[in-house]
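> Could you look at this predicted model? Sequence included:
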2 protein chains.
Amino acid sequence: MARKAPEVAMRAVLTRERIVHAAVGLIEREGVDALAMRAVATELGVAVMSLYNHVPNKAALLAGVAEYVMGGMELPDDPGEDWRVRARTLIRAFRKAAHDYPRSMTVVLTHRIDTSIGLRPAERALAIAESAGFDGEMAVRIMRALLAYALGAQMREVGTTKMLDHLHQDPSEAFAQLDPVEFPHVIALAPELARHDPEADFEFGLDLLISALDGLPRASR
Amino acid sequence: MARKAPEVAMRAVLTRERIVHAAVGLIEREGVDALAMRAVATELGVAVMSLYNHVPNKAALLAGVAEYVMGGMELPDDPGEDWRVRARTLIRAFRKAAHDYPRSMTVVLTHRIDTSIGLRPAERALAIAESAGFDGEMAVRIMRALLAYALGAQMREVGTTKMLDHLHQDPSEAFAQLDPVEFPHVIALAPELARHDPEADFEFGLDLLISALDGLPRASR
DNA sequence: ACGTCTTACGTACGTTGTACGTACCGTGTC
DNA sequence: GACACGGTACGTACAACGTACGTAAGACGT
């Protein structure tokens, strides 16, 4: 049952973890489209079909990638802390993962996590909502709103960043070439739109949401 | 230049619009994975390579799909209306598109819209922010927060719906089988989590965000 | 009538995911 | 030690994919 380590040629055993890890690395280096079973295999120095001993198919591998990123999220929490701080910490953890694995993140956002790993942020958010004094249904709503923002802020940032990267000219100049009748505000705010501070944008929306939550009537406490 | 209509056999001309439309239909009926150039061709009763006279490649076709959904979004607006109402209307328009084209929506969220069509919601959001009395940089921030929520709420809903559909058992029963130590709140709130009203959830978060915006200090007005 | 341009099509190629059969190797049983 | 067995790695093979390329057929300006 236990595998003995080979004495001389340290031929590391193939395992689901190593496969998923290689897939994540490949995605981060060359993008999701570059993720092919053959590429993963050569990355690991094995034959393609060897992978299928550990992963049923490519979809499962992608699910593994999503799970890896989600599972790698550190969710530190101090229940004694103020709930606003805890909420911020939770949502920032999501953002950190998105920062560490930017390209794999789209896989996370696209595919579904069916293991319990995907529920960890939800559990945490519910706990925080409860500690803030919100009851059952309200707690669920709040959890959903928080996670929606975390997801959306990330998606939007990735999207606009990709869009700006695609323009090979100066972004604010590109904005200026739009139809001035249809896009007066975009053109007027071109400099502000071109220069963006993802961190600040993220925190702004987060603060907004939390302050709104703070103003909500509580069931208790 | 102008094409004359064939007299007897009404062989509708192949066009980019028709191709994109067929692609959208195919995606809605059979999912994104079923979208193949060959499938689109047979749907239209033409040869595969004929498509390439109107669409450079599959990526461009997907971009066309995203553009179609975005462009189909009706963005009615009455500048005389209260800005909160206008903001709600804008974000709801996004949601309506997501409701009409649920499966194509993931394409929209994944790919980037590089035509000006993708900027229409941004323009509108900026106009609304301005009418609410927010100045340049703040208007951009608000626009980003609003769009982030619109995106995220949609993604989260699609995600959880897909997850719940994947469970072939009763959802709240599935929740109950989780580790009670790790997921006490999820288990306790299983009924609330299983029964979800997407519309109400969406509106809840939207109200939250708008009320928070309302409380922000203005530069003018 | 003729050259040109546009569009539809068929063939063909490289790449993909993966079903299947086979060879190996460590372990438990006699 | 012999041997059957279960798991793992591998090679071959195939269907489906995106699309490069060459060709033919019609529409139009001249």
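Great, that's in hand. Numbering: from 1, shown residues only, chains lettered A, B, ... in the order given.
> could you point out the longest helix in chain A?
The helix that spans the most residues within chain A, counting by DSSP state H, is helix A:136-166.
> Mind giving me the packing neighbours of that helix?
helix A:83-100, helix A:102-110, helix A:120-131, helix A:198-214, helix B:136-166, helix B:190-194, helix B:198-214 (3 or more C-beta pairs under 8 Å, 6 or more residues apart in numbering or on different chains; DSSP states H and E). Yep, even glycine has a C-beta here, placed from its N, CA and C like the rest.
> ok, and for the helix or strand bottoming out on mean pLDDT in chain A, which residues are buried?
Here the helix or strand of chain A ranked lowest by mean pLDDT, DSSP states H and E is helix A:171-176, holding a mean of 78. Within helix A:171-176, the residues that qualify as buried are A:171, A:174-175, counting by 16 or more other C-beta atoms under 10 Å in any protein chain shown.
> for stretch A:207-221, same thing?
Applying 16+ other C-beta under 10 Å to stretch A:207-221 flags A:208-210, A:212-213 as buried.
> Out of these, which comes closest to A:M155?
A:L209 (15.9 Å; C-beta to C-beta).
> May I ask you to confirm that A:H196 is in contact with A:G159?
No: contact criterion C-beta atoms under 8 Å: A:H196 and A:G159 do not qualify, at 12.0 Å.
> These two - which one has more neighbours?
Neighbour count, other C-beta atoms under 10 Å in any protein chain shown: between A:H196 and A:G159, A:G159 has more, with 20 against 17.
> Contacts only, for that one.
B:109, B:112 (C-beta atoms under 8 Å, 6 or more residues apart in numbering or on different chains).
> what do you get for A:A59?
Counted by C-beta under 8 Å, 6+ apart, A:A59 has contacts A:H111.
> residues of the strand or helix carrying it that come out buried?
A:A59 is part of helix A:58-72, with elements assigned from DSSP states H and E. Across helix A:58-72, burial judged by 16+ other C-beta under 10 Å covers A:61-70.
> swap in stretch A:35-53?
Buried positions in stretch A:35-53, judged by neighbour count with 16+ other C-beta under 10 Å: A:35, A:37, A:40-41, A:43-44, A:46, A:51.
> Contacts (any at all) between DNA strand C and that stretch?
Yes: judged by C-beta under 7 Å from any atom of the strand, stretch A:35-53 and DNA strand C are in contact via A:35-39, A:48-49, A:52.
> what's the farthest-apart pair in those?
A:L35 and A:M49 (17.0 Å).
> How many residues are close by A:V24?
As a measure of burial, A:V24 has 21 neighbours, counting by other C-beta under 10 Å.
> Return the per-residue confidence for the residue of chain A found nearest chain B.
Going by C-beta to the nearest C-beta, chain B is nearest to A:G152 of chain A, at 2.2 Å. As predicted, A:G152 sits at a pLDDT of 90.
> my read: it touches B:R144, true?
No: A:G152 lies out of contact with B:R144 (C-beta under 8 Å); the separation is 9.8 Å.
> which residues touch the residue nearest to A:M73 when sequence neighbours are not counted?
Spatial nearest neighbour of A:M73, chain neighbours left out: A:A97 (4.6 Å); criterion: C-beta to C-beta, 6 or more residues apart in numbering or on different chains. Residues near A:A97 by C-beta under 8 Å, 6+ apart: A:69-70, A:72-73, A:105.
> Redo these as TSV? Include pLDDT.
Output for the contacts of A:A97, formatted as TSV (pLDDT from 0 to 100):
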residue	pLDDT
A:V69	94
A:M70	93
A:G72	92
A:M73	92
A:M105	88
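> which one among those gets closest to B:E123?
Once C-beta to C-beta is applied, the member of those that ends up nearest B:E123 is A:M105, at 27.3 Å.
> Run a quick neighbour tally on that closest one.
Neighbours of A:M105 (other C-beta under 10 Å): 24.
> Can you tell me, leaving aside adjacent residues, what's nearest to it?
Nearest one to A:M105, counting by C-beta to C-beta, 6+ apart, is A:A98 at 4.7 Å.
> Could you report the neighbour count for A:R84?
As a burial measure, A:R84 scores 15 neighbours (other C-beta under 10 Å).
> In this model A:R95 seems to touch A:F202, though I could be wrong.
Yes: in this structure, A:F202 is within contact of A:R95 by C-beta under 8 Å, at 6.0 Å.
> which of these two has more neighbours?
More neighbours surround A:F202 than the other of A:F202 and A:R95, with 24 against 20 (other C-beta under 10 Å).
> one step back: check the residues of stretch A:35-53 next to DNA strand C against DNA strand D, which are close?
Restricting these to those near DNA strand D - C-beta under 7 Å from any atom of the strand - leaves A:48-49, A:52.
> Let me know the closest of these to DNA strand D.
Nearest to DNA strand D among these: A:M49, at 3.1 Å, using C-beta to the nearest atom of the strand.
> With distance to A:D135 added, can I get the buried residues of helix A:171-176 in JSON lines?
As requested, the buried residues of helix A:171-176 are exported to JSON lines (distance: C-beta to C-beta, whole Å):
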{"residue": "A:P171", "distance to A:D135": "46"}
{"residue": "A:A174", "distance to A:D135": "49"}
{"residue": "A:F175", "distance to A:D135": "46"}
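> quick one: low-confidence ranges for chain A?
A:1-12, A:167-169, A:219-221 (pLDDT under 70).
> Which residues of it lie near DNA strand D?
So far as C-beta under 7 Å from any atom of the strand goes, chain A lies against DNA strand D at A:13-14, A:46-50, A:52-54.
> repeat that with 10 Å
Proximity of chain A to DNA strand D, by C-beta under 10 Å from any atom of the strand, involves residues A:1, A:3, A:11-16, A:18-19, A:37-38, A:41, A:44-54.
> And for A:D100, nearest residue in space, chain neighbours not counted?
The spatially closest residue to A:D100, leaving aside those adjacent along the chain, is A:G72, at 7.7 Å (C-beta to C-beta, 6+ apart).
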